[in-house]
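Asks: fold the stuff below for me.
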Amino acid sequence: MYTPSNFAINDLHDLQQQILDTRLAMLVTHGEQGLQASHLPLLLRPDQGPNGTLYGHFARANPQWKALQDGAQALVIFAGAEAYVSPGFYPSKAEHGKVVPTWNYVAVHAYGTAEVFTDADRLRDLVSALTDRHEAGRNNPWKVADAPAEYIDAMLKAIVGFALPIERLEGKRKLSQNRSPADIAGVREGLAASPDVHDQALAHLMR
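Replies: Numbering: from 1, shown residues only. Predicted coordinates:
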């Protein structure tokens, strides 16, 4: 990922927090079938390894897991808030007009080589942890144990799990740091005034 130094996220806690905040990641591999990508909810164990370890699962019918089994390196993309930045947000537009549109965003890329597993107990632990994470906060959270055991057993046979120790992390937080304080304030105010929730989320990060 192209990351000028003033946009780089270097703090491990901040990098891991973006991973935790991203509900659906994109896992990209290159193997015998070429480039493949899947959108997956992932579980981060931040204390496993120097950068943490990611856990997830594929549908067994999805051939991408075979690339991981064959040792292909994976790129996992965690996309955060993003927003279009209009030149009209910049006070400097009125001064000299030398402004163009851009895009502000936050993203983290994780790289590693995964271990694939099909052990039923390990898969059950994984899907239970993922479920508990995403059901948290609901009035009546659903649990894996709520479904009939034989049904869950059958469903586990239809998936393939993986553990991906993160070998390298890259993070980018592009929030107009390369602009003047007045232009930064103009972008923040312009996005905050937008009715679009994505724009508002990005404006919040610029505070």
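Asks: stretch 69-76: how far from the chain's middle?
Replies: Its chain's average C-alpha position is 17 Å from that of stretch 69-76, according to Cα atoms, centre = their mean, to the nearest Å.
Asks: okay, how far is it across that stretch, tip to tip?
Replies: 16 Å (Cα to Cα, to the nearest Å).
Asks: now swap in stretch 88-100 and tell me
Replies: So stretch 88-100: terminal residues 9 Å apart, Cα to Cα.
Asks: try stretch 158-175
Replies: 42 Å.
Asks: which one's the longest helix in this protein?
Replies: helix 120-135 (DSSP state H).
Asks: flag every buried residue along that one.
Replies: Residues of helix 120-135 classed as buried: 123-124, 126-127, 130-131 (neighbour count, 16 or more other Cβ atoms under 10 Å). Heads up, the C-betas are built off the backbone N, CA and C, glycines and all.
Asks: list just the nearest of those residues to Lys93.
Replies: Among those, Leu130 lies closest to Lys93 (Cβ to Cβ), at 46.4 Å.
Asks: what sits against the residue nearest to the spatial centre of the chain?
Replies: Central residue of the chain (Cα atoms, centre = their mean): Phe78, 1.9 Å from the mean position. Shown in contact with Phe78 (Cβ atoms under 8 Å, 6 or more residues apart in numbering): 18-19, 21-22, 25, 107-110.
Asks: and it, what helix or strand is that in?
Replies: Per DSSP states H and E, Phe78 falls inside strand 73-85.
Asks: now whichever helix or strand comes after that strand, how far from the centre of its chain.
Replies: Counting by DSSP H and E, the next helix or strand C-terminal to strand 73-85 is helix 92-96. Put simply, helix 92-96 sits 36 Å off its chain's centre (Cα atoms, centre = their mean).
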